[in-house]
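K.L.:
let me see the structure of the following:
(one chain, ligands or ions: 2)
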Amino acid sequence: MRRNGIVLLLLIAIPTAVWLRGRLLPVVEDDSLLNFVPPSADVRNAAIDETSQLTPELQRYFDPGDDFLPMAKPGPNDWLANNHEGGQTFKEFRQAEPNRPDQQRQVIYLVAIGEISERQSAQLEPLREFTEAYFTLETKLLPLLPLAEGAVPVRVNQNTQKPQMLAADLMRLLEKQLPDDAYCLLGITLSDLYSGSHSNWVFGQATLRTRVGVFSFARFDPAFFNDPIPADVDTLILRRSCRTLAHEISHMFGMHHCTFFTCVVNGSNNLAESDSRPMHACPVCLRKLHASIGFNPREREERLVGLYRQLRLDEEAVWVERRLERLKAVRL
Ligand SMILES: [Zn+2]
Ligand SMILES: [Zn+2]
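P.N.:
Ligands and ions are numbered 1, 2, ... in the order given. From the prediction side, this is the model:
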């Protein structure tokens with residue numbers, strides 16, 4: 001089994017989990033909480049690293065100002081109370097020599113796997129547009145990848161009594177589909193996912209090196225939990241999907257989970273924690289992305305604002321508009 005592509009999980013579940021109001025929450029004794037200490041401003045700034053040699057625009061772009069919230073102390077069921085992670089500074093990211101787009105591989109591909117509903121099918125093009133704007137790389141949708149019966153083993157989750165697939169099985173299929181010009185390929189499925197025998201479920205999973213990842217729409221729909229369906233359910237599902245997509249593709253740029261700021265690259269241990277994460281990357285993660293891709297900051301943000309307005313992701317649009325005002329402000 002391939003081990004070099006270290007797999008990072010957006011969400012893990014713990015065997016001693018209980019099902020509470022239809023959602024998985026791990027049982028954690030107070031004294032077993034991992035002792036995550038929120039990083040100080042000095043630690044956060046050191047993770048961003050020295051920016052004085054950059055252009056004034058980039059210095060403003062990577063200046064957290066008041067726009068980015070520091071990482072807070074996790075609650076007992078949150079990711080950092082259950083997973084020991086030290087974060088990855090910008091310098092450590094560079095030293096790891098992660099994959100980056102080059103002349104041969106510079107297209108991001110998305111592909112739906114197996115059966116997909118009309119609602120999710122209608123969201124594939126918005127997800128493609130979002131990916132293209134967020135990562136500033138050409139993004140293409142591949143034709144649906146059919147799953148022959150029995151192609152991937154299916155288990156029944158004991159809590160939900162719903163079928164689940166092993167994310168690694170789907171990623172093995174995706175590796176065979178990787179186009180020659182693909183920077184990476186992200187599979188999208190309606191099936192609920194898990195990551196191994198000790199895993200209850202995962203939102204998604206991606207590799208740092210082998211250019212494939214997968215995420216599931218399943219738990220983004222309140223219907224999965226038999227919850228009431230809000231009037232703006234399509235926007236809710238789209239927002240959750242965009243956030244998870246940005247998270248998983250960030251892993252495929254070699255980013256570890258972020259522990260410095262509240263950020264799209266933070267790990268999440270449950271749906272409520274995931275919903276509390278922003279769509280944007282913090283200055284540490286943004287600098288990593290910029291070092292890999294080299295986009296124009298203002299062009300990226302202006303395109304994102306337009307797309308967020310078009311997709312009715314208004315909270316995200318307001319945030320980026322404020323950010324753009326600061327980018328344009330003459331301060332340096
Ligand atoms: Zn993750
Ligand atoms: Zn971050």
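K.L.:
count the neighbours of Arg44 for me.
P.N.:
For Arg44, the neighbour count with other CB atoms under 10 Å is 22. Glycine gets a C-beta too; all of them are placed from N, C-alpha and C.
K.L.:
repeat for the one 4 residues further on
P.N.:
By the other CB under 10 Å criterion, the neighbourhood of Ile48 contains 21 residues.
K.L.:
could you do Glu97 as well?
P.N.:
8.
K.L.:
then Asp275?
P.N.:
A count of neighbours around Asp275, defined by other CB under 10 Å, yields 13.
K.L.:
distance of the closest residue in space to it that isn't next to it in sequence relative to Tyr61?
P.N.:
Leaving aside its chain neighbours, Asp275 sits nearest to Arg240 (7.2 Å; criterion: CB to CB, 6 or more residues apart in numbering). To Tyr61, Arg240 is 27 Å away according to CB to CB, to the nearest Å.
K.L.:
and what of Arg287?
P.N.:
Distance check for Arg287 against Tyr61: by CB to CB, it reads 8 Å.
K.L.:
phi, psi for Phe261 please.
P.N.:
Listed backbone geometry of Phe261 is phi -130, psi 170, with angles given as degrees, to the nearest 10.
K.L.:
enumerate every residue touching it.
P.N.:
Phe261 is in contact with 44, 64, 68-71, 282-284, counting by CB atoms under 8 Å, 6 or more residues apart in numbering.
K.L.:
my guess is Ala182 contacts Pro101, does it?
P.N.:
No: contact between Ala182 and Pro101 fails when scored by CB atoms under 8 Å: they sit 10.2 Å apart.
K.L.:
now the helices for this structure?
P.N.:
Remark: helices of the chain, listed N- to C-terminal, are 41-48, 56-61, 79-82, 90-95, 118-122, 124-135, 167-177, 233-252, 271-275, 283-293, 297-310, 314-328; assignment by DSSP state H.
K.L.:
how far off centre is the last one?
P.N.:
Between the mean C-alpha location of helix 314-328 and the chain-wide mean there is a distance of 21 Å, by CA atoms, centre = their mean, to the nearest Å.
K.L.:
and Arg240, how many neighbours?
P.N.:
If we define neighbours as other CB under 10 Å, then Arg240 has 19 of them.
K.L.:
and Gly306, by the same measure?
P.N.:
Taking other CB under 10 Å as the criterion, the count of residues near Gly306 is 13.
K.L.:
would you mind measuring from it to Val320?
P.N.:
10 Å.
K.L.:
residue ranges in this structure under the pLDDT threshold?
P.N.:
For the chain, residues meeting the criterion pLDDT under 70 lie at 1-34, 330-332.
K.L.:
quickly list the domain ranges of it.
P.N.:
As assigned by automatic domain parsing, the chain contains the domains 40-98+258-297, 99-254.
K.L.:
can you put the ones you listed in CSV and add distance to Gln310?
P.N.:
Below are the domains of the chain laid out as CSV (distance: least, CB to CB, whole Å):
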stretch, distance to Gln310
domain 40-98+258-297, 15
domain 99-254, 8
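K.L.:
out of these, which gets nearest to ligand 2?
P.N.:
Distance to ligand 2, taken as CB to the ion, is lowest for domain 40-98+258-297 among the domains of the chain, at 3.0 Å.
K.L.:
and the closest one, how far out from the chain's middle?
P.N.:
13 Å.
K.L.:
can you tell if that domain touches ligand 2?
P.N.:
Yes: counting by CB under 5 Å from the ion, contacts between domain 40-98+258-297 and ligand 2 involve 258, 263, 265, 282, 284-285.
K.L.:
would that domain count as contacting ligand 1?
P.N.:
No: Domain 40-98+258-297 lies apart from ligand 1 when judged by CB under 5 Å from the ion; the minimum separation is 5.5 Å.
K.L.:
now the end-to-end length of that domain.
P.N.:
Using CA to CA, to the nearest Å, the span of domain 40-98+258-297 from its first residue to its last is 26 Å.
K.L.:
before we move on, what about stretch 38-51?
P.N.:
23 Å.
K.L.:
ok, stretch 173-183 next?
P.N.:
Distances were taken as CA to CA; on that basis the terminal residues of stretch 173-183 are 17 Å apart.
K.L.:
which positions in that stretch come out as buried?
P.N.:
By neighbour count on 16 or more other CB atoms under 10 Å, the buried set for stretch 173-183 is 173-174, 178, 182-183.
K.L.:
need the residues of domain 40-98+258-297 next to ligand 2 in a markdown table with neighbour count, can you?
P.N.:
What follows is those, written out as a markdown table (neighbours: other CB atoms under 10 Å):
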| residue | neighbour count |
| --- | --- |
| Cys258 | 25 |
| Cys263 | 24 |
| Val265 | 29 |
| Cys282 | 26 |
| Val284 | 28 |
| Cys285 | 28 |
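K.L.:
out of the buried residues of stretch 173-183, which touch ligand 2?
P.N.:
Near ligand 2, by the rule CB under 5 Å from the ion, you find none of these.
K.L.:
any idea which of these is closest to ligand 1?
P.N.:
Of all the buried residues of stretch 173-183, Leu174 has the smallest distance to ligand 1: 16.9 Å, by CB to the ion.
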